[in-house]
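Asks: Got a predicted model here, sequence first, then my questions.
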Amino acid sequence: MDEVNPYKSLRNRAIYFGVCMALIFLRLIPLDLEPNKIGMPDFMLCITTAIVIRKATIAPYVLVGVVFLIADIMLSRPLGLGALIAVIGIEIVRNNRFSFREMFFLSEWFLMAILFAFMAFAQQVALSLVLADRLPVHSVLIQLATTIACYPIVVFVISQMLRISKPAPGEFNAFGHKL
Amino acid sequence: MAHRNDQSVNFGRTLGRIGFGLFLVLLLAVFLVWRIDNSRAERFRSAVIDKVVPNMDWAMTPITKATQMAEDFQSYERIYQQNQELRRQLQQMKAWREAALQLEQENARLLDLNNVKLNPRRTYLSGELITDSGSPFRQSSIINIGRRDGVKEGWAAMDGLGLVGHIAGLGENTARVIFVTDTASNIPVIIKPSDQKAILTGDNTLLPQLQFIESINQVKPGDRVFTSGDGGVFPSGLLVGQVALGADGILRTKLSADYRRLKFLRIIRHTPATPIAEPDRLIGPVLPVPKPTEVIPPEETADGRG
């Protein structure tokens, strides 16, 4: 398994980091300067949660925090807030990953939708607590909807194409720990 | 190494939890620093972007170009209709050009009669857009000129025709332009011909709202909107667009700048006129400044002698 081979684990982390950087880069390309109604989905959040459920070692919390902090800096968002909320949200998923693995995909999707909604809400609350400008509500809702809609696609790509699938219940690694 | 007993696992977990807590505190501290010392945090951000973004140019240009080519290719399908449409528009434009020339001549004559002096200092710098904001919430972009080229905060950015936004955030070689469509953008404007003043507030659409109009009755859809220069940050008289009435009854501005084809921006150099704050200086001769006479407290002199 991954945890035995540190090089493979390191390589997977590097790939995860690279994919996230590529996503940030793609968003910065000035293709469409018109304010568009349909916001881009937050692919980074989808990918990270889907990976954490399936193979938690690829995205440790420090890496998640660094990746989202870079996104905050580059995409002109409030510095640190996106990273803070992402790390907390993803850590909740990580702590419950065993129960996520046992459930059907539909319930996983439903719970993710609730989690993403809470994260968006927490961001608005944090911004109003420090008396900063809140994000326009309708854009937030649209982005939330597209993110939730994209989650199955991301999961499909990750589990079917990249073969990062949920370990069967009762699978153990070489150390004898539960995966 | 492969064999760890329960105690060390527990110890490791506790350490891991403390580490996680510290990490969260660190991120929270970053957020609070961003909020408390916002200008410094934003300077840090523009410094990072200044270092990173120009280096990504080699990768960005091909993708941008390829997409533009694909879009252009799609437009070949409609080339005949476009041609016809352009011919029609050209015909209309000729009429307008004639009218504009006549008006320009008339204007020049009138200005000459009135002996009006226009601000000769309105020159501009040109910059190319490198990236956009990457977020649906922020309407902004980064251009490839910065402090090194003499760009200053608050200067207006235009495409060839209309106002696009203003500079907010400066790096050495890059600068961020906040578009007028951004929710953080509030620009004082004047509506011609009724000379009503208003504030142009972005709301993430292509039609920013006109707020705080003195008397709405005098403003009609189709009226032209210019910057008013109130507040001294913006030069006055830059074309913004035309008044439009939304379906919701809110007065908005149809922007003259073409956001779909933004590629280069003109940054208008603007040195605000020196404010006249002290009227006496202006009218009379320069008065001698009274010398502050030092009053020595009696106790101190007594101490010095004793």
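Replies: That came through, no problem. Because the structure is a prediction, the values reported are computed rather than measured.

Asks: what's the next secondary structure element after the longest helix seen in chain A?
Replies: For chain A, the longest helix by residue count, based on DSSP state H, is helix A:105-129. Next along the chain after helix A:105-129, taking DSSP states H and E as the criterion, comes helix A:137-156.

Asks: Counting by contacts, list what that following helix packs against.
Replies: helix A:43-54, helix A:105-129 (3 or more C-beta pairs under 8 Å, 6 or more residues apart in numbering or on different chains; DSSP states H and E). All C-beta spots, glycine's among them, are computed from the backbone N, C-alpha and C.

Asks: Contacts for stretch A:106-124 next, please.
Replies: A:42, A:45, A:49, A:53, A:81-82, A:85-86, A:89, A:92-93, A:100, A:134-135, A:137, A:140, A:143-144, A:147-148, A:151-152, A:155 (C-beta atoms under 8 Å, 6 or more residues apart in numbering or on different chains).

Asks: Show the buried residues in the residues you listed.
Replies: Buried members of the contacts of stretch A:106-124, counted by 16 or more other C-beta atoms under 10 Å in any protein chain shown: A:42, A:45, A:49, A:53, A:81-82, A:85-86, A:89, A:93, A:100, A:135, A:140, A:143-144, A:147-148, A:151-152, A:155.

Asks: low-confidence ranges in chain A?
Replies: Applying pLDDT under 70 to chain A picks out residues A:1-6, A:31-39, A:168-179.

Asks: distance of the residue nearest the centre of it from chain B?
Replies: Here the mean C-alpha position of chain A is nearest to the C-alpha of residue A:45 (C-alpha atoms, centre = their mean), at a distance of 2.4 Å. Using C-beta to the nearest C-beta, to the nearest Å, residue A:45 is found at 14 Å from chain B.

Asks: hey, where'd the strands end up in the stretch 51-200 of chain B?
Replies: Under the criterion DSSP state E, counting those that start in this stretch, the stretch 51-200 of chain B contains strands at B:124-132, B:140-143, B:156-158, B:163-170, B:175-179, B:186-192, B:196-201.

Asks: Pick the most buried one from the helices and strands packed on helix A:137-156.
Replies: helix A:43-54 (a mean of 23; mean count of other C-beta atoms under 10 Å in any protein chain shown).

Asks: Pull the distance from it to the chain's centre.
Replies: Distance of helix A:43-54 from the chain centroid (C-alpha atoms, centre = their mean, to the nearest Å) equals 4 Å.

Asks: Please name every helix or strand in contact with it.
Replies: The contact analysis (3+ C-beta pairs under 8 Å, 6+ apart) places helix A:43-54 against helix A:6-28, helix A:61-74, helix A:81-95, helix A:97-102, helix A:105-129, helix A:137-156.

Asks: Check which residues of the shortest one are buried.
Replies: Just to be clear, that refers to helix A:97-102. For helix A:97-102, a neighbour-count test (16+ other C-beta under 10 Å) marks A:97, A:100-101 as buried.

Asks: The second one now?
Replies: By 16+ other C-beta under 10 Å, the buried positions in helix A:61-74 come out as A:61, A:63-74.

Asks: Out of those residues, which are close to chain B?
Replies: A:61, A:65, A:69, A:73-74 (C-beta under 8 Å from any C-beta of the partner chain).

Asks: Distance to residue B:78 added to the residues you listed, as CSV?
Replies: Shown next, in CSV, are those (distance: C-beta to C-beta, whole Å):
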residue, distance to residue B:78
A:61, 51
A:65, 48
A:69, 45
A:73, 41
A:74, 36
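
Asks: Farthest pair within the residues you listed?
Replies: Across those, no pair lies farther apart than A:61 and A:74, at 20.4 Å, counting by C-beta to C-beta.

Asks: shaky segments in chain B?
Replies: For chain B (pLDDT under 70), the answer is B:1-9, B:116-122, B:134, B:272-306.

Asks: domains in it, as residue ranges please.
Replies: With domains defined by automatic domain parsing, chain B comprises B:12-45, B:80-118, B:124-268.

Asks: Nearest residue to residue B:64 in space, please, no chain neighbours.
Replies: residue A:29 (5.8 Å; C-beta to C-beta, 6 or more residues apart in numbering or on different chains).

Asks: which residues touch that neighbour?
Replies: Taking C-beta under 8 Å, 6+ apart, we find residue A:29 in contact with B:60, B:63-64, B:131-132.

Asks: Give me the buried entries from the residues you listed.
Replies: Buried among those by 16+ other C-beta under 10 Å: B:60, B:64, B:131-132.

Asks: what does the stretch 101-250 of chain B put close to chain A?
Replies: So the stretch 101-250 of chain B meets chain A at B:129-141, B:176, B:179, B:181, B:183-184, B:203-206 (C-beta under 8 Å from any C-beta).

Asks: Are any of these buried, and if so which?
Replies: Neighbour-count burial (16+ other C-beta under 10 Å) applied to those gives B:129-141, B:176, B:179, B:181, B:183, B:203-204, B:206.

Asks: give me every residue that touches the spatially closest residue to residue A:19 that is not a sequence neighbour.
Replies: Excluding the flanking residues, the one nearest residue A:19 by C-beta to C-beta, 6+ apart is residue A:47, at 6.8 Å. Shown in contact with residue A:47 (C-beta under 8 Å, 6+ apart): A:16, A:19-20, A:23, A:154, A:158.

Asks: Tell me how far residue A:47 lies from residue B:176.
Replies: 28 Å (C-beta to C-beta, to the nearest Å).

Asks: Could you do residue B:270 as well?
Replies: Plainly put, residue B:270 is 17 Å away from residue B:176 if you go by C-beta to C-beta.

Asks: Could you work out the most separated pair of the contacts of residue A:29?
Replies: The distance between the two most remote of the contacts of residue A:29 (C-beta to C-beta) is 12.9 Å, for B:63 and B:132.
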